[in-house]
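A.B. asks: Have a look at this prediction, sequence included:
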Amino acid sequence: MNILVINAGSSSLKFQLFNMNDESVLAKGKVERIGMDSSLVCYEPAGKPEEQEVAEILEHTTAVRKVLQMLVHKRHGVLESIDEIDAVGHRVVHGGESFPSSVIVDEDVKREIRRLFDLAPLHNPAHMLGINAVEENLPQTPQVVVFDTAFHQSMPAASYLYPIPMVLYRKHKIRRYGFHGTSHAYVSDRAAKLLQKPLDQLKLITCHIGNGASCTAVWNGKSYDTSMGMTPLEGLMMGTRSGDIDPAIVPYAMGKEDLTLGEVNSMLNKHSGLIAISGISSDMREILEAMEAGDRGAKLAFDMYEYRLRKYIGAYAAAMNGVDAIVFTAGVGENSAALRGAVCGNLTFLGIEFDEAANLSRDRGERRITTEASRVQVLVIPTNEELVIARDTHELILARTNVV
Ligand code: ADP
């Protein structure tokens, strides 16, 4: 079975085509600058040269059509016909309380995703464009939606409620949802395999540290608490997002600096975090380079970033009354030995015996960076959110076929 995985943003569309017989990637790529003057299409078919094309792509339907043309192209295509695509799986950021797991798209599901636009105004409308674009191009092909929030629906009320008037939860569903769920679920599963222990008997802390960053307490295979909240702004310090701050700063800063709500929102989401403290970049690579060159702003940004992550790890070890393993994943988590070293070097009280040589190794695969004797294991596991989406889609479509 071939599954096309789509991650639609407001002006971009990323895709990967999987052959689920062996879970291999047949092709992947992205369409960027949809709706702008010149869109860019990047296409990487397995075992064939990469293609890039500048085209006029004004909306998502055209972007999907372009992707399908690439996939069946005479020279660089990987399929004979688009009929070989058996199903399409979409990433959807917000499933609210309605979706504790992935589902096959139907009219009710689409209505519910639309109802959730308010909770994720930057993401869900774009995903909907992707779903509709596929429907227009492949009307007979089943679609599945996989939610970033679904894995965290297992959080107990004590984790997901905010200590504010309950009416806000009851009337407006203001609560913590958590994000990066597919990634936290994937690396937890892989961690159990690496540790050769059943997932439902493990206490894990998974750290997804990319441009956006979140940390999850995974207790017996279920999300027990996670650092992102109602929106992806809460929790850890990130590239351009503040993470946790005193909420009273918002009205205070608005008054002092004469800011509008929109401006303060943009300040916290786009002009805070690493970029705000370093004044240099939101990219950890540039922070590390500047730090090595002696830049004090970069050093302070790194120290704050690491300290805030370490505090969450400590909190989640307390939340679960213990921890068996800590997992690092995503752009920074997978690649920055400096961050992992700083975090783990300061967590020796947990019983971490760090293996610095393994931490510094150029190996890019799944690996342990603690000694065998270490009471708490630390693992680096490259995430694969697209594969989770493909697997969920595959499973749901197979189950439906078997029922019918
Ligand atoms: P996204 O949240 O956009 O999916 P990624 O998980 O791809 O982000 O992470 C992107 C971030 O990873 C970049 O901003 C960069 O800071 C960081 N990164 C990538 N490679 C390295 C590296 N070698 N060292 C440190 N940080 C890195």
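C.D. replies: Happy to help now that I have it.

A.B. asks: Tell me who's in contact with A337.
C.D. replies: 359-360 (CB atoms under 8 Å, 6 or more residues apart in numbering). In short, each C-beta sits where N, CA and C put it, glycine included.

A.B. asks: And it, how close does it get to the ligand?
C.D. replies: Applying CB to the nearest ligand atom, to the nearest Å, the value for A337 to the ligand is 8 Å.

A.B. asks: Repeat that for M166.
C.D. replies: From M166 to the ligand the distance is 33 Å (CB to the nearest ligand atom).

A.B. asks: If I look at that residue, what pLDDT would I see?
C.D. replies: In this model, M166 is scored at 98, pLDDT.

A.B. asks: try V404
C.D. replies: 59.

A.B. asks: Likewise for R400?
C.D. replies: For R400, the predicted pLDDT is 87.

A.B. asks: Mind giving me the packing neighbours of the lengthiest helix in the chain?
C.D. replies: Assignment by DSSP state H gives helix 296-319 as the longest helix of the chain. Other elements packing on helix 296-319 under the criterion 3 or more CB pairs under 8 Å, 6 or more residues apart in numbering; DSSP states H and E are strand 203-209, strand 213-219, strand 222-226, helix 273-278, helix 284-292, helix 337-345.

A.B. asks: Can you give me the distance of the closest residue to the ligand within the stretch 201-350 of the chain to H208?
C.D. replies: Nearest residue of the stretch 201-350 of the chain to the ligand, counting by CB to the nearest ligand atom: G331, 2.0 Å away. Distance, G331 to H208, using CB to CB, to the nearest Å: 10 Å.

A.B. asks: Which of those two has more residues huddled nearby?
C.D. replies: H208 (31 against 18; other CB atoms under 10 Å).

A.B. asks: Does the more buried one touch H180 like I think?
C.D. replies: Yes: counting by CB atoms under 8 Å, H180 is a contact partner of H208 at 4.5 Å.

A.B. asks: strand partners of the lengthiest strand in the chain, parallel vs antiparallel please.
C.D. replies: In terms of residue count, the longest strand belonging to the chain (DSSP state E) is strand 24-32. If you go by DSSP bridges, strand 24-32 pairs up with strand 13-19 (antiparallel), strand 39-45 (antiparallel).

A.B. asks: Quick one: distance of it to the chain centre.
C.D. replies: When C-alpha coordinates are averaged (CA atoms, centre = their mean, to the nearest Å), strand 24-32 and its chain have centres 18 Å apart.

A.B. asks: how about it, does it reach the ligand?
C.D. replies: No: Strand 24-32 lies out of reach of the ligand by CB under 6 Å from any ligand atom, never closer than 12.3 Å.

A.B. asks: Phi first, then psi, for the residue nearest to the spatial centre of the chain.
C.D. replies: Computing the C-alpha centroid of the chain and ranking residues by CA atoms, centre = their mean puts H180 first, at 3.5 Å. Main-chain torsions, H180, degrees, to the nearest 10: phi 60, psi 30.

A.B. asks: Am I right that it is in contact with S227?
C.D. replies: No: using CB under 8 Å as the test, H180 is too far from S227 to be in contact (9.6 Å).

A.B. asks: Now for those two: what residues contact both?
C.D. replies: Here H180 and S227 have 214, 216 as joint contacts, going by CB under 8 Å, 6+ apart.

A.B. asks: interface residues of the chain facing the ligand?
C.D. replies: Residues of the chain lying near the ligand by CB under 6 Å from any ligand atom: 210-212, 239, 283-285, 288, 330-332, 335-336.

A.B. asks: that older thread, in CSV, list the helices and strands packed on helix 296-319 along with mean pLDDT.
C.D. replies: Formatted as CSV, the helices and strands packed on helix 296-319 follow (pLDDT from 0 to 100):
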stretch, mean pLDDT
strand 203-209, 98
strand 213-219, 98
strand 222-226, 98
helix 273-278, 97
helix 284-292, 97
helix 337-345, 96
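
A.B. asks: Tabulate those (TSV), appending distance to L138.
C.D. replies: Shown next, in TSV, are these (distance: least, CB to CB, whole Å):
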stretch	distance to L138
strand 203-209	31
strand 213-219	33
strand 222-226	33
helix 273-278	39
helix 284-292	39
helix 337-345	42
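
A.B. asks: And the helices in the stretch 301-404 of the chain?
C.D. replies: 330-335, 337-345, 356-360, 385-403 (DSSP state H, counting those that start in this stretch).

A.B. asks: tell me the most buried of the ones you listed?
C.D. replies: Stretch with highest mean neighbour count among the helices of the stretch 301-404 of the chain: helix 330-335 (a mean of 22; mean count of other CB atoms under 10 Å).

A.B. asks: got the contact list for that helix?
C.D. replies: By CB under 8 Å, 6+ apart, the residues outside helix 330-335 that reach it are 180, 183, 207-211, 213, 284, 328, 339-340, 364, 380-383.

A.B. asks: farthest pair in the residues of the chain next to the ligand?
C.D. replies: Farthest pair in the residues of the chain next to the ligand (CB to CB) is G212 and L288. Separation: 18.7 Å.

A.B. asks: where does the stretch 51-200 of the chain dip in pLDDT?
C.D. replies: Across the stretch 51-200 of the chain, nothing is flagged by pLDDT under 70.

A.B. asks: how about the strands in it?
C.D. replies: 51-55, 87-92, 103-104, 143-147 (DSSP state E, counting those that start in this stretch).

A.B. asks: residues in contact with the shortest one?
C.D. replies: Spelled out, it's strand 103-104. In contact with strand 103-104 (CB under 8 Å, 6+ apart) are residues 109, 142-145, 396-397, 400.

A.B. asks: please redo it, this time with the cut-off set to 7 Å
C.D. replies: 109, 142, 144-145, 396, 400 (CB atoms under 7 Å, 6 or more residues apart in numbering).

A.B. asks: any chance of those in TSV, plus distance to G345?
C.D. replies: Formatted as TSV, these follow (distance: CB to CB, whole Å):
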residue	distance to G345
V109	46
P142	49
V144	42
V145	41
L396	43
R400	50
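
A.B. asks: Relative to the ligand, which of those residues is nearest.
C.D. replies: V145 (19.2 Å).

A.B. asks: residue contacts, the residue lying closest to the closest one once chain neighbours are set aside?
C.D. replies: Among residues not flanking V145 along the chain, V92 sits closest, at 4.7 Å (CB to CB, 6 or more residues apart in numbering). Contacts for V92 (CB under 7 Å, 6+ apart) come out as 113, 124, 127, 145-147.
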